[in-house]
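[1] Sequence and predicted model, in that order:
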Amino acid sequence: MRIGVYPGSFDPVTLGHLDVIYRSSKLVDKLIIGVLNNSAKSPLFSVEERVTMLEEATKDLENVVVESFDGLLVDFADLKNANVIIRGLRAITDFEYELQIAQTNHKINPKVDTLFLTTSVEYSYVSSSVVREVGLYGGDITHFVPANVVDRVYEKCKDMEKTNP
């Protein structure tokens, strides 16, 4: 069985993420979306909220499951018996960093390879940080995130304004 892991913080999930998820789900028998619980960062959404949003956005994909993890990605992949890590590339600037991580992961566990998918052109400029910033200023984010995420982003941004006037 070909098992893939598509990791990320998904804070929030974007249409670019979903593009990679839909395309990579056709390449593996099972795709595990690994939501990183990074205690060093202060995300807009809790890990539980991010998992829920991804589960809702991918509910029509039978071979996709969403799980949170912390620690090393390559250890999570090994724990899940995955043989491939899937990473999305938006621009050439992503490649150098992603290549370094892929080579490090392969050195730690040679049984796990990394597959790079370029994001479709219409999503190449979309990032979670752009979504958060546009949402913070009340801009239209409907072209960047799935419908189940739009109101949640605006609500979180309102909450941030209340706590940081």
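    Done, it's in.
[2] Now do the helices in this structure.
    15-25, 47-57, 73-79, 92-108, 128-136, 147-163 (DSSP state H).
[3] is it possible to export the ones you listed to a markdown table including distance to G4?
    C-betas here are computed from N, CA, C, even on glycine. What follows is the helices of the chain, written out as a markdown table (distance: least, CB to CB, whole Å):
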| stretch | distance to G4 |
| --- | --- |
| helix 15-25 | 6 |
| helix 47-57 | 15 |
| helix 73-79 | 9 |
| helix 92-108 | 13 |
| helix 128-136 | 21 |
| helix 147-163 | 23 |
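[4] looking at those helices, which has the lowest confidence?
    Among the helices of the chain, helix 147-163 carries the lowest mean pLDDT, a mean of 84.
[5] Contacts for it, please.
    Under the criterion CB atoms under 8 Å, 6 or more residues apart in numbering, residues 12-13, 44-45, 49, 53, 56-57, 131-132, 135-136, 138, 141-142, 145 lie in contact with helix 147-163.
[6] And the residues you listed, which of them are buried?
    Among the contacts of helix 147-163, those buried by neighbour count (16 or more other CB atoms under 10 Å) are 12-13, 44-45, 49, 53, 57, 131-132, 135-136, 141, 145.
[7] Looking at those, which one is closest to V74?
    In terms of CB to CB, no member of those lies closer to V74 than V13, at 22.7 Å.
[8] That closest one is in contact with E56, isn't it?
    No. Counting by CB atoms under 8 Å, V13 does not reach E56; the two are 9.3 Å apart.
[9] Show me the common contact partners of those two, please.
    P146.
[10] re the thing from before, ok, of the contacts of helix 147-163, which one's closest to K107?
    Once CB to CB is applied, the member of these that ends up nearest K107 is V13, at 29.8 Å.
[11] can you give me how far stretch 114-127 is from the chain middle?
    11 Å (CA atoms, centre = their mean, to the nearest Å).
[12] neighbouring contacts of it?
    4, 14-16, 19-20, 23-24, 27, 84-91, 95, 98, 101-102, 105-106, 144.
[13] What's the separation between the nearest residue in space to L54 that is not next to it in sequence and E49?
    Distances taken as CB to CB, 6 or more residues apart in numbering place V66 nearest to L54, at 4.5 Å, with adjacent residues excluded. Distance check for V66 against E49: by CB to CB, to the nearest Å, it reads 12 Å.
[14] can I assume F76 is in contact with I33?
    No. In this structure F76 lies outside contact range of I33 using CB under 8 Å: 11.4 Å.
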